[in-house]
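Colleague: need a 3D model of the sequence below.
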Amino acid sequence: MNLNSLDLNLLTALDALLREANVSRAAMRIGLSQPATSHALQRLRDIFGDPLLVRTGARMELTPRAQALRAPLVQALDQVRGLFVPDEFDAARSERPFRLMMPDLAVELLMPPLMEKVTRLAPNVRIDVVPWRGPAIFHAEFARTIDLVISIGNAFKGFHRQLLYTDSDALAVRRGHPMAAKLKRRETFLAARHVGVIIRGNSEDLIDTWLRTKGIERHISLVVSGYLEALHVAARTDLVAFVPRRLIAALSKQLALVTVTPPLDPGIDEQFMFYPTRAQMDPGSIWLRRLMLETGRELERHKR
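Modeller: Prediction:
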């Protein structure tokens, strides 16, 4: 059977003929004229090599082949129609896994409130947060496995982005730090020993990239790969961490940290949610994106 030569409209005609066992009623069922339906029946007979409908006295009856076609034809038509009906995402029953990529600061700020929503709405859904990769090592094969990325910038090809929340950077030091009150001064800031954060895929701390544009270089004594590590170190030493202000606020009580306004202001940080173009109309992706955007809006309502 050459499917290229098959008119799918014939399947609709066949379904009507098998249901009605009458050409006139089948024509009315599918909105065709009787001659057009008779022509469709003849084509179907040629395709199947079977009369399908035969006259017995005053009425038509289905042949054994036609009888055998009824159930699989109904199933086949339902499947074809299903191709044109958008999938639904039943959060309460779904067991779908989602893979998210984000830096540690986003995990700390976003995942607890997000998981409260997921647990309530979709208790069987699983969220996997995978290790961060910067755009330079975010290759296509890996990108195909990711449902959402939380990041600054706009360097993820094949992904759309939406603003999630804004932040600013500040200095974090331990409570009782001997230079805390003076760090607002430029000379004290430059004399202090700092812990830098170089996230995987970056070549340097983004703060240092910005400072260099101002002709400034700070004293880096330690480099770590995450913001949480930097704050834990700052909490137990006299090193200074220059990190997002919301993260300091979230951990200030737990780690006994103090927030200090820096002498130079890097401006506003914008954190974006990136999602694959291929998943733009995917119901599951839409559901997760709505929850994430709601979580970002809640975070935005809190002062930095």
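Colleague: so which bits of stretch 268-278 are buried?
Modeller: 269, 271-276 (16 or more other CB atoms under 10 Å). For glycine as for every other residue, the C-beta is placed from the backbone atoms N, C-alpha and C.
Colleague: assumed residue 203 was part of a strand.
Modeller: No. Looking at residue 203 with DSSP: H, G, I helix; E, B strand; the rest coil, it is coil, so not inside a strand.
Colleague: which ones are touching it?
Modeller: Taking CB atoms under 8 Å, 6 or more residues apart in numbering, we find residue 203 in contact with no residue.
Colleague: please renumber the chain so that the first residue is 355 from this point on.
Modeller: From this message on, residue numbering opens at 355, which makes the last subject residue 557.
Colleague: what about it, distance to residue 488?
Modeller: For residue 557, the distance to residue 488 (CB to CB, to the nearest Å) stands at 9 Å.
Colleague: which other residues reach the helix or strand bottoming out on mean pLDDT in the chain?
Modeller: Every helix and strand of the chain was ranked by mean pLDDT, DSSP states H and E. The lowest is helix 494-497, at a mean of 84. With CB under 8 Å, 6+ apart as the test, helix 494-497 has contacts from 487, 510-513, 630.
Colleague: would you mind giving the domain segments of the chain?
Modeller: In the domain annotation for the chain, the residue ranges read 357-437, 446-518+625-656, 520-622 (the TED database).
Colleague: now the last one: average pLDDT?
Modeller: Per-residue confidence for domain 520-622 averages out to 95 on the pLDDT scale.
Colleague: and if you look at the shortest one?
Modeller: Model confidence over domain 357-437 averages 89 on the pLDDT scale.
Colleague: quick one: the strands in the chain?
Modeller: Secondary structure of the chain (DSSP state E): strands located at 407-410, 413-416, 451-455, 480-484, 502-505, 513-528, 547-551, 573-578, 594-598, 611-614, 622-630.
Colleague: pipe these into JSON lines and attach distance to residue 494 per row.
Modeller: As requested, those are exported to JSON lines (distance: least, CB to CB, whole Å):
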{"stretch": "strand 407-410", "distance to residue 494": "54"}
{"stretch": "strand 413-416", "distance to residue 494": "53"}
{"stretch": "strand 451-455", "distance to residue 494": "14"}
{"stretch": "strand 480-484", "distance to residue 494": "16"}
{"stretch": "strand 502-505", "distance to residue 494": "14"}
{"stretch": "strand 513-528", "distance to residue 494": "11"}
{"stretch": "strand 547-551", "distance to residue 494": "27"}
{"stretch": "strand 573-578", "distance to residue 494": "29"}
{"stretch": "strand 594-598", "distance to residue 494": "30"}
{"stretch": "strand 611-614", "distance to residue 494": "40"}
{"stretch": "strand 622-630", "distance to residue 494": "11"}
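Colleague: what's the most buried one of those strands?
Modeller: Of all those, strand 594-598 carries the top mean neighbour count, a mean of 27, counting by mean count of other CB atoms under 10 Å.
Colleague: what is the distance between it and the centre of its chain?
Modeller: In this view, strand 594-598 has its centroid 29 Å away from the chain centroid, taken as CA atoms, centre = their mean, to the nearest Å.
Colleague: that one - contacts with which helices or strands?
Modeller: Judged by 3 or more CB pairs under 8 Å, 6 or more residues apart in numbering; DSSP states H and E, strand 594-598 is in contact with strand 513-528, strand 547-551, helix 581-590.
Colleague: what helices or strands is the first one leaning on?
Modeller: The reference is to strand 513-528. Other helices and strands packing on strand 513-528, by 3+ CB pairs under 8 Å, 6+ apart, are helix 581-590, strand 594-598, helix 599-609, strand 611-614, strand 622-630, helix 637-655.
Colleague: direction included, what does that strand pair up with?
Modeller: strand 594-598 (antiparallel), strand 611-614 (antiparallel), strand 622-630 (antiparallel) (DSSP bridges).
Colleague: alright, calling it a day.
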